[in-house]
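# structure for this input, please:
(4 chains)
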Amino acid sequence: MSPSSYEYHYLFLGIFLLIAISFPLLPIILARIVAPKKPNPIKTATYECGVETKGDSWVQFKVQYYVYALMFVIFDIEVIFIYPWAVAFKQMGFFAFVEMVVFLAILAFGLIYAWKKNVLEWK
Amino acid sequence: MSAAKNISQVDEGLKSELQKSGIFVTTLEGLYNWGRRSSIWPLQFGLACCAIEMIATACARYDIDRFGAGLFRPSPRQADLMIVSGTVTKKMTPQVVRLYNQMPEPKYVITMGACSISGGPFKDGYNVLKGIDRYIPVDVHLPGCPPRPEALLHGLMKLQEKIDSQQIEKMEWYQKGLKREFPVPEFGPNGLNPPYNPDVFQPQQHREITVG
Amino acid sequence: MKTPTEIKQDIETKFPGTQLTLEGSSLVIPKEQWSEIAKFLKNTPEYSFDFLSSVTGVDYKEYLEVVYHLYSMEKKEGPLTIKVRTDCEQSLVPSVTPIWRSAEFQEREAYDLVGIHFTGHPDLRRILMWEGFQHHPLRKDYVQDEQDRPVEQF
Amino acid sequence: MDYTLKETPTLETQMLEVSLGPQHPSTHGVFRMDVILDGETIVKLKPVMGYLHRNHEKLAENMTSYLASMPYTDRLDYICSMTNNFAYALAVEKLANLEVPERAQYIRIIMAELTRLVNHTLLIGFLLNDLGAFFTPVLYAFREREKILDLFEDVAGSRMMCNYFRFGGLKIDVTSDFIPRVRQIINKYPKFLDEFEKLLSENEILMARCQNVGVLPKELAISAGVTGPMLRASGVPYDIRKVDGYSIYNRFKFRVPIGEKGDVYDRYYMRLLEMRESIKILDQAIREIPDGEYISKVGAAGARAPRTFKPPKGDAYGRIEAPKGELGFYLVSDGTTKPYRYHVRSSSFINLTILEDMCLGHKIADAIVILGSIDIVLGEVDR
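Sure thing, here's the model as predicted:
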């Protein structure tokens, strides 16, 4: 696999991915091996400011939480699409710019619709 | 427990030689204890007047951050040092013991101020617990009412010395069968029952002093 | 501000048949008429005692006493001390929380520490001690738990 | 068959019961609120206290003398120990009608106003801490507090627990360089206040989070016995320094700031304005302080031999304008050296009665800010 061959570039990406994944996983695995484990019923009880928990936490919470999270996910994905475009913005010329503006307009329309249905207000 | 010097098999002369050429030699224990000693995260847990002095220690003038202990964690899950700063009343004791139980294993307790050591000036009160060491093991007793911020820093240094001298094999939380659970007392009609935790606290026997 | 003696005459003319006694500068009111007199003191524009500063329960061994300190915020007038007495066993005193909201916590504390039951209080529970505590610690005859008692100086 | 899209019934949601318990970063000590939440808005809020009930009143009755419970008053409101001593000394002086010499009166006023500066600065620091500016404003506040605590330490021997007042005067006279140092602090304090105000008062987040939050109407404030900056923020001009004119407050010219709406922003701004008024009082007090006795002859006898100090039979109620509100001591003496009944009317305890009324309908995050604006200290709440 000569340095200029096609796969070589992906090798770099592979190593980078490997390190990225090992950063979170390594401490977790290390902690699971090395950390002392002395569970007891009081320790594993849920912590609520020092007192026993009253009432159960599996309640029907308001639907607004769910809708708010949904709105966030939509616009988070939108940002992910903008990143690669922003990186190669210079080389791609005017056409890619117009295409991105159309993409943003469609999503902006969705935001206006949500705004009018006042999903964003928190009653 | 006397703070034994950090016994490492490498002799000092060789160590200082290598250090000159930039090579640092230490035992795994030395590294392990140095890591834990320099990053103790105290539990954000102020009871009374000593809490204000603890915050003053965390502030700019006395700066507990120089010892790595500046990050006060509100939740016991991420704390490894509980500074009991203030009067522990009988109504608060179950909460304190439950918080201590909920802290992950290498955990230490500093009883800051005379109140948490032995009830302090409020000892004769009907609602005051005569010292938190009746229910949980305490590592450093820090007298004073309130102890000055420098005294709290001194207490923290004493705790760091204690951590330095711990051997990995002999630490309690690594022993196999050891039960590290401290039962939470309940509220009785008169006070707390049980009045103290037998395997942590032995009341002094009132010896009759015969004169002459 | 009118002196306590004038207030005493004024109340006696307003509520015939009540025996008020004057102790020093404080007014002792029988507990039966206490809530009407309290409303009277608060609402008449001439007194307008709209600020109840402090409620204290005191145990005088033969009887229990509740001491009220009343001020007028509009007229910025000084304290009128009112004492209401009740026996030790039943210890019932009409509550003034509907009249002055500031009495809500203080009456609960007086109930908790001295054991005076306030009839008509929205939720009379213990405020400082835990629910299961069986005694009223500020009573003179309260004996502390064995391990709590101060060590006898020899 | 026509198909009508009915208004879908709002999904049936249950209430979540949460306890903002004794160990919580923003309850200013061990104070617990049992909150019932519908989503984020508060439906019911029950304060639970007593976690720091240290039996101050029972201990005072078993103490050997009146003076013996003076150091205990430091631990009542442990941020402003000088004003606690002031209130207790005033109550006993009213009980035993002792005279206090001129110089002692001036030094008492200076100490009380310095404590007010400390308390209000700390309050703004902790209020911003509750608002989310974690610990930066507290660092500024504690930097100023350290300077004033150095003064207390020189004069009274201890930073926080001063135990400096005696019945009829003070324990000891101030050091010679005390007055110049107080002048130094006063000259620099307005600059610090301007810096604080420039940072905070026009800050959009603070204004958005504090305005129209926890509004306290005037009538409810008066009927609930709320006193201090909270009461004046709701528009009631009631300051015990002006109403009672105790000690020698009538000699000083200072204004009492009044708020309009009584929301959290008014209460925050009230403390800033009160600090400027305290600086004015301190300024006048330093210029006019006379020489002379620091404790009256009768008081000195009592201070030196506290066990023989027997006030006459009877009862007395002395109150002062503590930084948090009206702090009163009700003492019943039966002629012996021990008080028969010793009751502390603490301002934080009574200011909490309307905590639920202010928090209903707000979000859970606003309840934390409202509690922060009430400025409670648990030593005084639970006594």
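# for residue D:329, which three-state class applies?
The three-state label given to residue D:329 by DSSP: H, G, I helix; E, B strand; the rest coil is strand.
# give the bridge partners for it, please.
residue D:318, residue D:344 (DSSP bridges).
# show me the contacts for residue D:103.
Neighbouring residues of residue D:103 by Cβ atoms under 8 Å, 6 or more residues apart in numbering or on different chains: D:173, D:289-294. For glycine as for every other residue, the C-beta is placed from the backbone atoms N, C-alpha and C.
# which of the residues you listed are buried? Put it as a ChimeraX command.
For the buried members of the contacts of residue D:103, the matching ChimeraX selection, counting by 16 or more other Cβ atoms under 10 Å in any protein chain shown, is:
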select /D:173,289,293,294
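# doesn't residue C:27 lie inside a strand?
Yes. The assignment for residue C:27 is a strand, going by three-state DSSP.
# measure it to chain A for me?
44 Å (Cβ to the nearest Cβ, to the nearest Å).
# tell me the pLDDT of that residue.
Looking at residue C:27, its pLDDT reads 91.
# and the one 5 residues further on, by the same measure?
Per-residue confidence for residue C:32 comes out at a pLDDT of 89.
# spatially central residue for chain A, please.
Nearest to the geometric centre of chain A sits residue A:76, at 7.4 Å (Cα atoms, centre = their mean).
# run the chain-centre distance for the longest helix along chain B.
Assignment by DSSP state H gives helix B:149-164 as the longest helix of chain B. On the basis of Cα atoms, centre = their mean, to the nearest Å, helix B:149-164 sits 10 Å off its chain's mean C-alpha point.
# then stretch C:41-53?
The answer for stretch C:41-53 is 16 Å, by Cα atoms, centre = their mean.
# can you tell me the closest non-neighbouring residue to whichever residue of chain C sits closest to chain D?
Residue nearest to chain D within chain C (Cβ to the nearest Cβ): residue C:102, separated by 2.4 Å. Among residues not flanking residue C:102 along the chain, residue D:225 sits closest, at 2.4 Å (Cβ to Cβ, 6 or more residues apart in numbering or on different chains).
# what sits against the one you found?
C:51-53, C:100-103, D:350, D:353.
# residue D:65 contacts residue D:306, correct?
Yes. If you go by Cβ atoms under 8 Å, residue D:65 and residue D:306 touch, sitting 4.1 Å apart.
# give the residues shared as contacts by those two.
residue D:337.
# ok, which stretches of chain C are strands?
C:21-23, C:26-29, C:51-59, C:63-72, C:77-87, C:92-94, C:117-119 (DSSP state E).
# elements contacting the third one?
Contacts of strand C:51-59 with other secondary structure elements, assessed using 3 or more Cβ pairs under 8 Å, 6 or more residues apart in numbering or on different chains; DSSP states H and E, are made with strand C:63-72, helix C:103-114, strand D:325-333, strand D:339-345.
# any weak-confidence spans in the chain?
As the question left the chain open, I've gone with chain A. Where chain A drops to pLDDT under 70, the residues are A:1, A:123.
# the intended chain is chain C.
In chain C (pLDDT under 70), the answer is C:146-154.
# for the spatially most central residue of it, give me its contacts.
Taking Cα atoms, centre = their mean, the centroid of chain C lies closest to residue C:66, which sits 2.9 Å from it. Contact analysis of residue C:66 by Cβ under 8 Å, 6+ apart lists C:55-58, C:83-84, C:86, C:93, C:110, C:116.
# so which of those residues wins on neighbours?
Neighbour counts for these (other Cβ atoms under 10 Å in any protein chain shown) peak at residue C:55, which has 30 neighbours.
# hang on, residue D:238 in a strand?
No. Assigned with three-state DSSP, residue D:238 falls outside any strand and is coil.
# number of residues surrounding the nearest residue to it once chain neighbours are set aside?
Once flanking residues are discounted, residue D:238 sits nearest to residue C:73: 5.1 Å by Cβ to Cβ, 6+ apart. Close neighbours of residue C:73, defined as other Cβ under 10 Å, add up to 20.
# ok, residue C:73 to residue C:52 distance?
Residue C:73 is 11 Å from residue C:52, where distance means Cβ to Cβ, to the nearest Å.
# for the chain, which helix is longest?
I went with chain A, as the question did not name one. Per DSSP H, chain A has its longest helix at helix A:6-34.
# that's the other chain; I wanted chain D
Under DSSP H, chain D gives helix D:102-131 as its longest helix.
# next, the buried residues of that one.
Going by 16+ other Cβ under 10 Å, helix D:102-131 has these buried residues: D:103-131.
# residue D:316 in helix, strand or coil?
Residue D:316 ends up strand, using three-state DSSP.
# how about it, nearest residue that isn't a chain neighbour?
Per Cβ to Cβ, 6+ apart, closest to residue D:316 is residue D:95, 3.9 Å.
# what residues does the stretch 251-383 of chain D have near chain A?
Counting by Cβ under 8 Å from any Cβ of the partner chain, the stretch 251-383 of chain D comes close to chain A at residue D:363.
# show me the helices in the stretch 251-383 of chain D, by range?
D:264-288, D:297-304, D:347-351, D:355-359, D:364-374, D:378-382 (DSSP state H, counting those that start in this stretch).
# lowest mean pLDDT across these, which one is that?
Looking at the helices of the stretch 251-383 of chain D, the bottom one is helix D:297-304 with a mean of 78.
# how about the residues of the stretch 1-150 of chain D by chain C?
D:49-50, D:53, D:55, D:57-58, D:62.
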